[in-house]
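Peer 1: I'd like to go over a predicted model; first the sequence, then the structure.
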Number of protein chains: 2
Amino acid sequence: MWLPRRFKHCPSCGQAVEYRVPADDNRERATCTACATVHYENPINVVGTLPVWGEGPDAQVLLCKRAIEPRYGLWTLPAGFLELGETAAEGALRETDEEAGAQIELLPLYSLMNVVSVGQIHLYYRARLLSPEFNPGPETLEARLFHEHEVPWDALAFRTVRETLRRFFEDRRLGRPFSLHSADIG
Amino acid sequence: MWLPRRFKHCPSCGQAVEYRVPADDNRERATCTACATVHYENPINVVGTLPVWGEGPDAQVLLCKRAIEPRYGLWTLPAGFLELGETAAEGALRETDEEAGAQIELLPLYSLMNVVSVGQIHLYYRARLLSPEFNPGPETLEARLFHEHEVPWDALAFRTVRETLRRFFEDRRLGRPFSLHSADIG
């Protein structure tokens, strides 16, 4: 199990921290050896969208070719870290704008995926593209639409992207109403 | 908008940080004046359950009377901060065990609530109680079942608890199938 030990010094006073179990707790926490402040580390959220152009079996999905590490040159759904000051939906909209320059109508949350090995939860909202024209930002080499048979399954950047796309196409093939998929990616 | 400035010193080297916008970024981040490391701050997740005993309009919900601050003495659904190393569902199960000592079967995610003002997302899973006997831990003064007309609406600890319970009873009253509710609490 991945447990980062990010703190060497106390963010409050700068002195050394030790990882120890506080009196009323059952996990090791970064604890300042000088001011005794306890600093918690928790999973963080990645928020993004599954933008779709058109309806039915001919509909296409938007993917972005990454211009940054990690996974430079591989394809992803637009997504990134949720920021303080925004809701999950606002973050997903922002990332879709920043990475693809795509205009969308946000639809309900479609997938919630635990990536425990890196301390993340990935949340993807379905979205309806309002235009097939994109204006990718500096983090994206190319943004384009893919029919199901064109999806570059072997060149996808993240497992949560693969698992979200796989469920989407399966729901569509089986004519299932879209609802939330929860999954643990490991 | 609430934007904490938690870092005064660099967790890596202990020297002073400044909040400034990195070259490839558009937000102020805690940046070390000595080693230049950038430290990010992101929303965190609170995970919990809505445990139900029985079926239909007579079913009861489990609430816990808090033995800790904040909101000492007020009633809450079992919930707490998601920890590294666990999935959202595992965290919700753990909190239900720690706070109520309740045995449950976890059901699908029921509410996702953004509490932007404190940088949190609250996630509540529906749950079926396997027994009406509880064994509350040290964070709980009392754990008990409530029919809808008994819920202490004026003594609930958190707005996300109120909003989750309100939607649950409304869904049940209208005979709606349970599905995910998303809401922004402010």
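Peer 2: Arrived safely, thanks for sending. Numbering: from 1, shown residues only, chains lettered A, B, ... in the order given.
Peer 1: now the strands for chain A?
Peer 2: Taking DSSP state E as the criterion, chain A carries its strands at A:17-20, A:29-32, A:38-39, A:44-53, A:60-66, A:75-76, A:79-81, A:104-115, A:120-129, A:140-146, A:181-184.
Peer 1: What is the distance between the first one and the centre of its chain?
Peer 2: It stands for strand A:17-20. Chain-centre distance of strand A:17-20: 30 Å, with C-alpha atoms, centre = their mean, to the nearest Å.
Peer 1: Would you give the sheet partners of it, along with the direction of each?
Peer 2: Sheet pairing for strand A:17-20, assigned by DSSP bridges, gives strand A:29-32 (antiparallel).
Peer 1: Next, the angle from the longest helix seen in chain A to strand A:140-146.
Peer 2: Ranked by number of residues, the top helix in chain A under DSSP state H is helix A:159-174. Put simply, helix A:159-174 runs at 10 degrees to strand A:140-146, going by axes from the mean of the first three to the mean of the last three C-alpha atoms, to 10 degrees.
Peer 1: May I see the buried residues of helix A:159-174?
Peer 2: Using 16 or more other C-beta atoms under 10 Å in any protein chain shown as the test for burial, helix A:159-174 gives A:160-165, A:167-168. No exception for glycine: its C-beta is placed from N, CA and C like everyone else's.
Peer 1: Contacts (any at all) between chain B and it?
Peer 2: No: judged by C-beta under 8 Å from any C-beta of the partner chain, helix A:159-174 stays clear of chain B, getting no closer than 13.1 Å.
Peer 1: Next, the angle strand A:44-53 makes with that helix.
Peer 2: Interaxial angle of helix A:159-174 relative to strand A:44-53 (the same axes, to 10 degrees): 40 degrees.
Peer 1: which secondary structure elements does helix A:159-174 contact?
Peer 2: Other elements packing on helix A:159-174 under the criterion 3 or more C-beta pairs under 8 Å, 6 or more residues apart in numbering or on different chains; DSSP states H and E are strand A:44-53, strand A:104-115, strand A:120-129, strand A:181-184.
Peer 1: Include mean pLDDT and distance to chain B when you put those strands into JSON lines, please.
Peer 2: As requested, the helices and strands packed on helix A:159-174 are arranged in JSON lines below (pLDDT from 0 to 100; distance: least, C-beta to the nearest C-beta, whole Å):
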{"stretch": "strand A:44-53", "mean pLDDT": "98", "distance to chain B": "4"}
{"stretch": "strand A:104-115", "mean pLDDT": "98", "distance to chain B": "4"}
{"stretch": "strand A:120-129", "mean pLDDT": "98", "distance to chain B": "6"}
{"stretch": "strand A:181-184", "mean pLDDT": "98", "distance to chain B": "5"}
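Peer 1: which one is the spatially most central residue of chain A nearest to, not counting chain neighbours?
Peer 2: The residue lying closest to the centre of chain A (C-alpha atoms, centre = their mean) is residue A:46, at 3.1 Å. Once flanking residues are discounted, residue A:46 sits nearest to residue A:122: 4.5 Å by C-beta to C-beta, 6 or more residues apart in numbering or on different chains.
Peer 1: need the contact list for the one you found.
Peer 2: Residues near residue A:122 by C-beta atoms under 8 Å, 6 or more residues apart in numbering or on different chains: A:45-48, A:79, A:111-113, A:115, A:158, A:160, A:185.
Peer 1: in the sheet, who's paired with it?
Peer 2: Beta-bridge partners of residue A:122, as defined by DSSP bridges: residue A:46, residue A:113.
Peer 1: Would you check how far apart it and residue B:169 are?
Peer 2: Counting by C-beta to C-beta, to the nearest Å, the separation of residue A:122 from residue B:169 is 31 Å.
Peer 1: Check residue A:114 too.
Peer 2: 29 Å.
Peer 1: Equivalent analysis for residue A:148, please.
Peer 2: For residue A:148 relative to residue B:169 (C-beta to C-beta), the value is 41 Å.
Peer 1: Could you tell me the model confidence score at the residue lying closest to residue A:54 once chain neighbours are set aside?
Peer 2: In space, and not counting its chain neighbours, residue A:54 is closest to residue A:60: 6.1 Å by C-beta to C-beta, 6+ apart. Reported pLDDT at residue A:60 in the predicted model: 98.
Peer 1: Just list the residues touching the nearest residue to residue A:159 once chain neighbours are set aside, thanks.
Peer 2: Spatial nearest neighbour of residue A:159, excluding adjacent residues (C-beta to C-beta, 6+ apart): residue A:185 at 5.1 Å. By C-beta under 8 Å, 6+ apart, the residues touching residue A:185 are A:113-117, A:122, A:159-160, A:163.
Peer 1: closest to residue A:8 among the residues you listed?
Peer 2: Residue A:8 has its nearest neighbour among the contacts of residue A:185 in residue A:117, at 22.6 Å by C-beta to C-beta.
Peer 1: That closest one: neighbour count?
Peer 2: 11 (other C-beta atoms under 10 Å in any protein chain shown).
Peer 1: was I right about it contacting residue A:160?
Peer 2: No: here residue A:117 lies out of contact with residue A:160, judged by C-beta atoms under 8 Å, at a distance of 11.8 Å.
Peer 1: That's all I had, so thanks and see you.
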